[in-house]
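# Below are the sequence and a predicted model for it; my questions follow.
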Amino acid sequence: MSEIREIDIPVGATPQKISQMLENFEDVHGERMVVQMGPQHPATHGVLRVELETDGEMIMKATPHIGYLHRCFEKTCESMTWQQVVAYTDRLDYCSSANNNLGYVLACEKMFGIEVSERVQTIRVLVSELNRLASHFIAIGTYGLDIGAWTPFLYLIQEREHILDLFDRLCGGRLLLNYMRIGGLTHDLPDNWLKEVHEYLSYMEGKLDEVNSLLSYNKIFVERLANVAIISEDMCIKYGLTGPNLRGAGKKWDLRKNEPYCGYETYDFDIPVGDGEVGTIGDCWDRYIVRVKECEQSMRIIKQATERLEKMPGDDVLAAIPKSMTKVAPGEIYFRTEHPKGELGFYIVSNGKKFPWRLKCRAPSFSSLSVMSAVSPGLLIADMVALIGSIDIVLGEVDR
Amino acid sequence: MAGYFKDIWLGVSTVLIGMHITFKHWFKFKKAVTIQYPHEILEMNERTRAHLFNVADECAVCLQCARACPVDIIDMQGIRADKDEDLGLLPTGKPKRMHLIKFDIDFSKCVYCGLCVEVCDTKSLHWRAPVEPCTFTREEMYKSFATIPPDEVERLIAFDAERKVKKAEEMAAKKAAAAAAKAAKAAKAKAEAEAKPAEAGADAPKAAKSDVGEEKKETPAASDTPEKPGTPDSPDAPENTPKPEPDKS
Amino acid sequence: MTWLDLLIAVACVAGVLGFISVVALVAIWTERKISAHIHDRLGPMETGGFHGWAQTIADMVKLLQKEDIIPDAADKPLFKLAPYIVLSATIASFVVLPFGAHLIGTDLNIGIYYLVAISSLEVAGILMAGWASNNKWALFGGMRSASQMISFEIPIGLSLLIPIMIVGSLSMQDLVGAQAGGFWNWGVFSHLPFAMIAFIVYFWASLAEVNRTPFDLPEGESELVAGFHVEYSGMRFAMFFLAEFANMFLVAGVAVALFLGGWHAPFSFLEISAESNVILHNLVGFFWFASKGMVLLFIQQWLRWTLPRLRVDQLMHVCWKIFLPFSFVNVLIVSLWIVLTQS
């Protein structure tokens, strides 16, 4: 039963086709084994349970079971005041809380018609790009860890630590920032903070190249990821995969460019897409390398934002925060932003009271996870680990 | 065949490149990025959300923090000081009018969001460096910040109850007097309207004494108190917000 | 057998056991330190004063005190037996390792053959552990380990054949003795570059033999959690651990004995001749052997903290399609060379 067969799977074959090909071997292989991967498995990035039906080490069927981290985010928000919800959005995707804050805050501001100053917008862009960087560092590092390379993970954690220190100076939180408010921010920038961001950017020069040569282009790493778990553009759209996963499949789609918010249209940056450099477009390696390249683009945005803020005269970041939110305008809105994991959407209904009447969160990781059972037939257990890592899910967001 | 050797070459060369990088880190090791915790302790930043601390003498007992808390962990109680009692000045410059007899925080539930500190007008509630927040039992996670000794608290409660009774008596007498003075049928409606604020005034200290959860529900009922009901909606502009001070009535 | 023989035998066993434990403790400590310094950290710093040198001893004591948990559904006799088999196979292999001119358990005339044979016994233990745990992950680990170790025996055997052919003996001391007189006489530099290729193939294949990164699939903590020893705790786990690190030194020791001059110093003036002082001669020999072994151990650890892990099919690809052809061609060329030069 430990026999591994080499099956010529044509490039770009659909999962159905692969399953069909594997059906032919069933008589030889005997009965299947059900393995529970998780909820305490190190490669599932949290408390995800995947029920694997395997034939030897080859996966015939994978069913993700979620809900171990469910904490009623949407329902809880219905009994929280508009500003208190911000603290709860932090905990959606705990790796990139500023981006969650941004999504919620922008949705509310648009619904209530609150205008914030350009400086506040620029600070928001700066902070959420820094957090995107931190989130991608985690994604890249833990991916290396999944594949068996320890060292890049610790190097990237080290770089991320500097960002967290910057956040600590900025708003007192390191992981869960709770920095944005409807209509503004909690604190103004501390003294010398922009200078520290500049220092950080110059410190980071060449660090990503080191990661690239240590991990990304390592032959073993490439072999492990190239042509594994290919998710085509069509499939991404069908299953609702967005963000780096969609871009890894070759689609140039980034909400920061396509539906700009927060003044993103004024920044100069590119959208990296997967081009099948070492394998097929849309394989694990493409999804991975898109994240590495996005880090570079984020750094470009951070640089521009810092330069702008240095020139801008200071203003009161609390100015546009409504004095009272016990009575707000009734209405409903769906607003989406580009989150490090994909498209984060908030559907909010207000009935004019001090609590949101309904709040629905469209979590990117949740949609990303849905593709798992479709692409996993025909993978080995080790590839499954590569797949879970490459779609970069955070269980805090999947379960909400 | 060429592909075969190219693969081997790529494998060997990338392994060597990787080894070179780790070797550089290994031997150019100067200073560790980690710290040796019990020997070195990092300094806390000014804004770090580490550990809540309330200075009882500076607390106005405005209950804003208890309302701001999304997880309802601040359990506070205050008793209005007597008219001629001098409790000193608050950092805002106003005289302190309330005894803080209870201020408990259940740190096992704290989410460290910082909303309570943001709304604190007097800055008596603030963040301090963590003093080993780990405990052996859950009970130790309850931290109390009220400084009044228990017997004094009892005295205050008794005093408050006495005062309440006295006030109620006074009110009743006043009401009776008012009712007697304006016994006329046309004036009766007016007398009732007057009685209402008086009742509310009598309720306020009781409300402050009661549990926070109850307080939340009760406050909107007191129609004439200047505060906005519910949770803080303007956490960052407290100066402009009318302060909900129960002692006003 | 006289009582003196018995005493010597006991001393040998005690010496080997003591050496294995010390090597394992040192290797675990260096592994921690090396990984820490590669990661820009410090690693253990508290236990024992200087850079936490006593950390592994403390860990051993902790493991000794731990409860020995045996899963209810496990195949109990096999479960209990497995760590002993793994450890005893490792210890038995140390018998023929030449630490010095006279520091050798027994200089069998088929020493290297014995070593290769006995160290393969370990597979049985690991497979037993994987099976008896009654855990699917452990079973995967055991199966992977079996397939991997058996496959990698072949390139290992073929590359060990090169120094054996050159020297013409299977005895470990003969193999070491042929490399005396400076590092240019070492096995790795004879018949350049073929012995060198054999050495590289041996070193990489031995990583698979001892389940080290990039071939640590049987344990692969991100895939199989801990592989075959996932259900073990306490002393039984410690035995696997000890066996793993002792095995690392064993394969390094074989590489040293066959390719890197064994207990000979890189330059002959760094040695003390056996005629002047036998004890010193042995001790200096031991020093060189152990330090060369440690260097290889460091390289194993360095590789571990650099590389990702291969996949099962790629592991087999590396074994059968890369190492095997290379070592096979190597053997052919070297045997041809020997035949041509000797005739």
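Here it is on my side, so go on.

# going forward, measure contacts and count neighbours with C-alpha atoms only.
Will do.

# How is the residue in chain C positioned nearest to chain A assigned, secondary-structure-wise?
Here the residue of chain C nearest chain A is residue C:308; by Cα to the nearest Cα that distance is 4.1 Å. Per DSSP: H, G, I helix; E, B strand; the rest coil, the local secondary structure of residue C:308 is coil.

# burial count for the residue lying closest to residue A:383 once chain neighbours are set aside?
Nearest non-adjacent residue to residue A:383, counting by Cα to Cα, 6 or more residues apart in numbering or on different chains: residue A:228, 6.9 Å away. For residue A:228, the tally of surrounding residues (other Cα atoms under 10 Å in any protein chain shown) stands at 23.

# Repeat that for residue A:343.
Residue A:343, neighbours per other Cα under 10 Å, totals 24.

# all strands for chain A, in order.
Remark: strands assigned in chain A by DSSP state E are A:33-37, A:49-55, A:58-65, A:180-181, A:184-185, A:331-339, A:342-350, A:358-362.

# so which of the ones you listed comes closest to chain C?
Closest among those, using Cα to the nearest Cα: strand A:33-37, at 6.8 Å.

# Now do the same for the residue of chain C closest to chain A: its pLDDT.
Model confidence at residue C:308, expressed as pLDDT, equals 87.

# Isn't it up against residue C:213?
Yes - with contact defined as Cα atoms under 8 Å, residue C:308 reaches residue C:213; the gap is 7.1 Å.

# Overlap of the contact sets of the two?
residue A:148 (Cα atoms under 8 Å, 6 or more residues apart in numbering or on different chains).

# And these two? Which one has more around it.
residue C:308 (30 against 24).

# how many other residues sit next to the closest residue to chain B within the stretch 101-250 of chain A?
Chain B sits closest to residue A:172 of the stretch 101-250 of chain A, with a gap of 3.6 Å, by Cα to the nearest Cα. Look at residue A:172: counted by other Cα under 10 Å, it has 27 neighbours.

# again with residue A:398
The burial count for residue A:398: 23, using other Cα under 10 Å.

# go on, residue B:91?
By the measure other Cα under 10 Å, the count of residues near residue B:91 is 16.

# What residues does it make contact with?
Residue B:91 makes contacts with B:58, B:122, B:123, as judged by Cα under 8 Å, 6+ apart.

# pretty sure the residue nearest to residue A:383 contacts residue A:286?
No - the criterion here is Cα under 8 Å, and residue A:228 misses it with residue A:286 at 10.1 Å.

# circling back to that earlier point, next, the residue nearest to residue A:383: phi, psi?
phi -110, psi 140 (degrees, to the nearest 10).

# residues contacting it?
Counting by Cα under 8 Å, 6+ apart, residue A:228 has contacts A:283, A:284, A:379, A:383, A:387.

# Return the set of buried residues in the strand or helix carrying residue B:117.
Residue B:117 is part of helix B:115-119 when elements are defined by DSSP states H and E. Using 16 or more other Cα atoms under 10 Å in any protein chain shown as the test for burial, helix B:115-119 gives B:115, B:116, B:117, B:118, B:119.

# Distance from the longest strand belonging to chain B to the middle of the chain?
Scanning chain B for the strand with the most residues, using DSSP E, yields strand B:98-106. Distance of strand B:98-106 from the chain centroid (Cα atoms, centre = their mean, to the nearest Å) equals 9 Å.

# now what about it, what contacts it?
In contact with strand B:98-106 (Cα under 8 Å, 6+ apart) are residues B:56, B:59-61, B:73-81, B:87, B:141-148, B:153, B:247.

# Now the buried members of these.
B:56, B:59-61, B:73-81, B:141-142, B:144-146, B:148, B:153, B:247.

# Out of the residues you listed, list just those in strands.
Judged by DSSP E, the subset of the buried ones among the contacts of strand B:98-106 located in strands is B:74, B:75, B:76, B:77, B:78, B:79, B:80, B:142, B:144.

# from memory the fifth one sits against residue B:61, does it?
Right, the one you point to is residue B:78. Yes - assessed by Cα under 8 Å, residue B:78 is found in contact with residue B:61 at 6.1 Å.

# Could you tell me how many residues sit around the residue lying closest to residue A:167 once chain neighbours are set aside?
Excluding the flanking residues, the one nearest residue A:167 by Cα to Cα, 6+ apart is residue A:174, at 5.6 Å. Using other Cα under 10 Å, residue A:174 has 19 neighbouring residues.

# Equivalent analysis for residue A:60, please.
23.
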